[in-house]
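J.: below: sequence and its predicted model.
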Amino acid sequence: MLNLGVLASGRGSNFQAIIDAINSGYLKAEIKVLITDNPNAYAIERARRHGIEYLIMLPKDYPSKDDYYRAIAEELKRRGVDLVILAGFMRVVKRPLIDAYPMRIMNIHPALLPSFPGLHGQKQAVDYGVKISGCTVHFVDEGVDTGPIIIQAAVPVYDDDTEESLSERILRQEHRIFPYAIRLFAEGRLSVEGRIVRIKDHPKEESHFTNPPVEGI
Ligand code: GRF
């Protein structure tokens with residue numbers, strides 16, 4: 001059984017999607033702990049409701065960022081966590097955690113990386129005027145949203161979209177691809193060579209869409 005540790009700072013809808021995927025039997029894993037840096041995170045309520053242990057760990061309680069991430073890594077290791085899930089954890093994780101879990105930390109980002117990294121990926125996409133955006137699950141390295149990409153989902157961006165309307169459309173895909181990425185890991189189907197994530201036996205489908213749809217050809 002794959003043991004997960006989830007780090008989240010807010011609402012926790014991705015955390016919930018992972019809980020639901022486990023409860024339905026889609027994902028064979030167990031969430032050992034939720035760690036949050038925000039005492040008001042709604043993710044805490046979700047953990048309570050599902051009987052998942054949670055820890056509130058605040059950076060200000062540690063002498064340095066490195067100490068903070070070292071402490072997080074220790075809590076995760078103590079609980080036998082194999083894979084760390086960043087589900088809306090609004091911080092750039094530092095070396096001590098990355099070294100403790102090399103290519104064992106997954107993050108979800110609300111844009112098609114390497115476009116629009118950092119904060120407000122959805123707003124960046126709307127402001128830029130791209131016609132397609134989406135979301136990305138990737139392994140975490142020391143950069144900001146730079147690690148090897150596992151899976152991406154594309155959605156159309158309409159000219160009357162707002163940050164909110166695009167965020168909702170992207171979020172629906174986040175809730176599909178994050179559990180799936182974790183499932184691929186749980187099934188031992190992911191390997192990483194440099195920047196490339198290889199997925200064993202993955203179906204190749206030439207699915208495509210354009211936005212706007214091409215009329216007449
Ligand atoms: C999501 O948009 C995710 O892509 C980003 O932070 C947001 C978290 O949402 N990293 P939630 O807390 O999972 O609802």
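T.: Sure thing, it's come through. Residues are numbered from 1 along each chain as shown.
J.: now do the SS call for whichever residue of the chain sits closest to the ligand.
T.: Relative to the ligand, the nearest point of the chain is Gly88 (2.7 Å; CB to the nearest ligand atom). C-beta coordinates here come from the backbone N, C-alpha and C atoms, glycine included. Classification of Gly88 using DSSP: H, G, I helix; E, B strand; the rest coil returns coil.
J.: do the same with the one 3 residues further on
T.: In terms of secondary structure, Arg91 is coil; the call rests on three-state DSSP.
J.: with Lys32 instead?
T.: Lys32 is classified as strand under three-state DSSP.
J.: so where does Asp20 fall, helix or strand?
T.: Applying DSSP states H and E as the criterion places Asp20 in helix 13-23.
J.: and that helix, what does it pack onto?
T.: The contact analysis (3 or more CB pairs under 8 Å, 6 or more residues apart in numbering; DSSP states H and E) places helix 13-23 against strand 2-8, strand 29-36, helix 42-49, helix 163-186.
J.: mean confidence for the shortest one?
T.: Read it as strand 2-8. The average pLDDT within strand 2-8 is 98.
J.: which neighbours does it have in its sheet, and in what orientation?
T.: Strands adjacent to strand 2-8 in the sheet, as given by DSSP bridges, are strand 29-36 (parallel), strand 83-86 (parallel).
J.: what residues does this structure put near the ligand?
T.: Within the chain, the residues that sit near the ligand (CB under 6 Å from any ligand atom) are 8, 10-14, 87-88, 108-110, 135, 171, 174.
J.: including neighbour count, could those go into JSON lines?
T.: Putting the residues of the chain next to the ligand into JSON lines (neighbours: other CB atoms under 10 Å) gives the following:
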{"residue": "Ala8", "neighbour count": "28"}
{"residue": "Gly10", "neighbour count": "18"}
{"residue": "Arg11", "neighbour count": "16"}
{"residue": "Gly12", "neighbour count": "23"}
{"residue": "Ser13", "neighbour count": "17"}
{"residue": "Asn14", "neighbour count": "25"}
{"residue": "Ala87", "neighbour count": "25"}
{"residue": "Gly88", "neighbour count": "22"}
{"residue": "Ile108", "neighbour count": "26"}
{"residue": "His109", "neighbour count": "25"}
{"residue": "Pro110", "neighbour count": "23"}
{"residue": "Cys135", "neighbour count": "28"}
{"residue": "Leu171", "neighbour count": "18"}
{"residue": "Glu174", "neighbour count": "23"}
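J.: report the residue ranges of every domain in this structure.
T.: 1-101, 108-202 (automatic domain parsing).
J.: is the residue most central in space within the chain within a helix or a strand, and which one?
T.: Nearest to the geometric centre of the chain sits Ile108, at 2.5 Å (CA atoms, centre = their mean). Using DSSP H and E, the element containing Ile108 is strand 105-109.
J.: state the mean pLDDT of that strand.
T.: 98.
J.: show me what that strand pairs with in its sheet, parallel or antiparallel.
T.: strand 83-86 (parallel), strand 132-139 (antiparallel).
J.: can you lay out those as JSON lines showing mean pLDDT?
T.: Conversion of the strands paired with strand 105-109 to JSON lines gives the following (pLDDT from 0 to 100):
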{"stretch": "strand 83-86", "mean pLDDT": "98"}
{"stretch": "strand 132-139", "mean pLDDT": "98"}
